[in-house]
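> Got a sequence here, can you model it:
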Amino acid sequence: MRPGYTAKMSARAHWKNNNAPGLTSLNELLAWSRCGGAAPRLGVKLDGAWRTLSAEKFYQQVCGTAARLAARGARRGDRVAILSESRPEWLVADFGCLAAGVIDVPIYPTLTAEQVAYILRDSGAIGVFVSTPEQAAKVEVVRGALPALGWVCCFDQREWVEEWAVPVPGEAPVAEFDRRLRTTPGDQLATLLYTSGTTGTPKGVLLTHANLCANLNVSTLAFSFGASERRLSILPLSHITERHLAYVDMLYGAVTYFAESLDRVVDNLIEIRPTVLVSVPRLFEKVAAGVRAQAAAQPWAARAIFAWARRVGSELAPWRLRGAPPPLGLRVRAAVANRLVWSKLKARLGGRLNKIISGGAPLGRELTEFLLSMDVMVDEGYGLTETSPVVALNRPGARRPGSIGKPLPNLEVRFAEDGELLVRGPSVFQGYYQMPEATAAALDADGWFHTGDIGRQDADGFLYITDRKKDLIKTSGGKFIAPQPIEAELKASLYVEEAVVVGDGRHFASVLLVPNWDALAQRGLDCGDREAACVRADVRALFQAEIDRVNAHLARFETLKKFLLLAEEFTVASGELTPTIKVRRRTVEARYRAAIDALYAEPRPDAEPTLPVSPQCR
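Numbers count the residues shown, from 1 in each chain. Here you go, the predicted structure:
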């Protein structure tokens, strides 16, 4: 440990046990991280084995990258992009930019060359870090239209290892580097993040060091994070939530392991055995569907034991939510249920998870309660890029299924007359880059950020999000329907992969469903020809039963009268999903417009009550 860090580490030990850390800049976080020395910081799987980068090596590579940026002429306030999958080099480039006073611009690696070009051009990036030659090729295709772009550095090529991520020799340069880190002003712009664009053109969100640190200081205090944590990183670092979590790991000295891919998450969970997992609801939906399918395939006796264990879990849930010890008899039954049933599910998640958080979309009360009945506590949270990101979170001592938790203590919230959630506080962004009109529309004169989400707050302070304001469906009868809660309940079904409720301007609501084809096959339904299966009576009867289940809990004007089964899954590549696996509702509706119109057309007297499915399903 270098001289001058002892006092800082004493303060760090104090806040870990008592108070918030009081970070004022991410560069201060970097200085702290160096104190980890030889301790693992970042893990990645290479050539079949997990390898880690130590805190000291990470710090040295960041120092070298910052020096190289300066040598390339990068000045404070310049923009440099990062186009890469999640990996250690991403964070090295990130902190290299932050240390040099450069504003970094994350770009999702799943974007097309044209989309990449838009962000590079709009941000005026002078350079870009890319992960692979394939990502570099996207930039080269459009480079002629990017006059500000001066250089491209590829992590997988020798230039990165031999020129950029090279430790700076000598004590004097490192000492000066340390000094600059500790004196970074909080109001200095840190990053320019482009929203994933579910409803239109991406907007560049400007966040300062102070914005990010205000959220970092308080978002995890209730969770008792420690240096023994191991987290499997699933979301892309281009997403503000994943980046925030990487900073949390650094703050507490935890190790971040980067999942090989979404397809390998289950295997990686078993290999890493993490203590922390943060994901979008889709992962938890798949886990629950897998458990249900496995249970359904068991003999009668095993199914009875599974049902009994769930009843015990449901009885235990209120005690877990309150953080109170259950009665002795319930503890004994819970121990038996854990041995017979719950432990098997936990083993599929690595066996050591004690902090599981979901965000990005509604988790759904039914899914939350199912997981609780299996003794798996998933804390749902809520945030946006513009709020750095966390606004509210269920956490130990303050949990309520179906809600997004209570607001963070350094934020104010209120609701507009139309129910829109407004947020004010130190983590709220500075505005949209070069978009004054959009900024004025989202951030009012009193500093309230208009989230675009409709919700409410109960008497105990828990927040509930009903839907996106722009997604609300207004029927021709003037009734408003919030589609997301309905979709979440449908996706709690073993057989539903995706659901999109439609009906804006129509007389009633309907829904587009993407089946879980594997689950249908396990049920014994022949779905080799998916298009034919979409119109088969036995398949449609199964989905009608799922819709009836959800309709039973809806107001009459909300009920789903008709449905389409879609043979093709939604993907990022085809444009129906954002890089963060959110459905692009407008894109889906546009693609299936003709089929939706046919669904609502007046039936012929000799037609069946349910009208034709989409042309893609025939």
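> Going by contacts, tell me the helices and strands next to the biggest strand by length in the chain.
Looking across the chain with DSSP state E, the single longest strand is strand 449-457. Packing partners of strand 449-457 (3 or more C-beta pairs under 8 Å, 6 or more residues apart in numbering; DSSP states H and E): strand 412-415, strand 420-424, helix 436-442, strand 463-468. Bear in mind the C-beta positions are built from the backbone N, C-alpha and C, glycine included.
> again, only using 10 Å
For strand 449-457, the elements it packs on are strand 379-383, strand 390-393, strand 412-415, strand 420-424, helix 436-442, strand 463-468, judged by 3 or more C-beta pairs under 10 Å, 6 or more residues apart in numbering; DSSP states H and E.
> can you pull the buried residues of the helix or strand containing R243?
Using DSSP states H and E, the element containing R243 is helix 240-252. Neighbour counts over helix 240-252 (16 or more other C-beta atoms under 10 Å) mark 240-252 as buried.
> what about the longest helix along the chain, distance to the chain center?
If you go by DSSP state H, the chain has its longest helix at helix 300-322. Chain-centre distance of helix 300-322: 29 Å, with C-alpha atoms, centre = their mean, to the nearest Å.
> can you check stretch 49-60 too?
Computed by C-alpha atoms, centre = their mean, the chain-centroid distance of stretch 49-60 equals 25 Å.
> go on, stretch 590-597?
With C-alpha atoms, centre = their mean, you get 29 Å for stretch 590-597.
> Which positions within that stretch qualify as buried?
Residues 591-592, 595-596 are the ones in stretch 590-597 that count as buried (16+ other C-beta under 10 Å).
> Inside helices: which ones of those residues?
Secondary structure from DSSP H places 591, 595-596 of those in helices.
> got the domain boundaries for this protein?
21-184+219-278, 472-617 (automatic domain parsing).
> Deepest in the core, which of the ones you listed is it.
Ranked by mean neighbour count under mean count of other C-beta atoms under 10 Å, the domains of the chain are led by domain 21-184+219-278, which reaches a mean of 19.
> Give me the next element, helix or strand, following the helix-or-strand element of the chain with minimal mean pLDDT.
When the helices and strands of the chain are scored by mean pLDDT, DSSP states H and E, helix 6-17 comes last with a mean of 39. Using DSSP H and E, the helix or strand that directly follows helix 6-17 along the chain is helix 26-33.
> and that next one, what does it pack onto?
Helix 26-33 sits against helix 6-17, helix 55-71, helix 88-100, helix 171-182, strand 189-194, helix 209-218, helix 240-252, with contacts defined as 3+ C-beta pairs under 10 Å, 6+ apart.
> distance between the last one and the chain's centre?
The reference is to helix 240-252. Centre-to-centre, helix 240-252 and its host chain are 13 Å apart (C-alpha atoms, centre = their mean).
> how about the longest strand of the chain: buried residues?
449-455, 457.
> Using the three-state scheme, assign V341.
With DSSP: H, G, I helix; E, B strand; the rest coil as the basis, V341 sits in helix.
> List the contacts of it.
For V341, the contacting residues are 291, 295, 302, 305-310, 312-313, 374-375, by C-beta atoms under 10 Å, 6 or more residues apart in numbering.
> what about it, distance to A309?
Separation of V341 from A309 (C-beta to C-beta, to the nearest Å): 4 Å.
> what's the overlap in contacts for these two?
295, 374-375.
> Between those, which sits nearest T220?
Checking the shared contacts of V341 and A309 against T220 by C-beta to C-beta gives D375 as the nearest, at 22.7 Å.
> Quickly find the element holding the closest one.
Going by DSSP H and E, D375 is not in any helix or strand.
> burial of it, as a residue count?
Counted by other C-beta atoms under 10 Å, the residues lying close to D375 total 21.
> how about the nearest residue to it once chain neighbours are set aside, what does it touch?
Of all residues not flanking D375 in the chain, W342 sits nearest, at 4.4 Å (C-beta to C-beta, 6 or more residues apart in numbering). By C-beta under 10 Å, 6+ apart, the contact list for W342 reads 309-310, 312-313, 316, 334-336, 373-376.
> Check A482 too.
Contacts for A482 (C-beta under 10 Å, 6+ apart) come out as 362, 419, 454-455, 465-468, 471-473, 501, 558.
> Would you mind confirming that S233 makes contact with S261?
No: counting by C-beta atoms under 10 Å, S261 is not a contact partner of S233; they are 11.8 Å apart.
> which neighbours do those two share?
Listed contacts common to S233 and S261 are N268; contacts here mean C-beta under 10 Å, 6+ apart.
> Report the secondary structure element holding the nearest residue to E85 once chain neighbours are set aside.
Excluding the flanking residues, the one nearest E85 by C-beta to C-beta, 6+ apart is P109, at 4.9 Å. For P109, there is no enclosing helix or strand under DSSP H and E.
> Tell me the spacing between P109 and V62.
21 Å.
> now do A93
The gap separating A93 from V62 is 9 Å, by C-beta to C-beta.
> Now do the shared contacts for those two.
Residues touching both A93 and V62 (C-beta under 10 Å, 6+ apart): A165.
> Tell me who's in contact with the nearest residue to L384 once chain neighbours are set aside.
Residue nearest to L384 in three dimensions, not counting chain neighbours: T451, with 6.2 Å by C-beta to C-beta, 6+ apart. Residues in contact with T451 (C-beta under 10 Å, 6+ apart) are 382-384, 386-387, 391, 413, 416, 420-423, 442, 465, 468-469.
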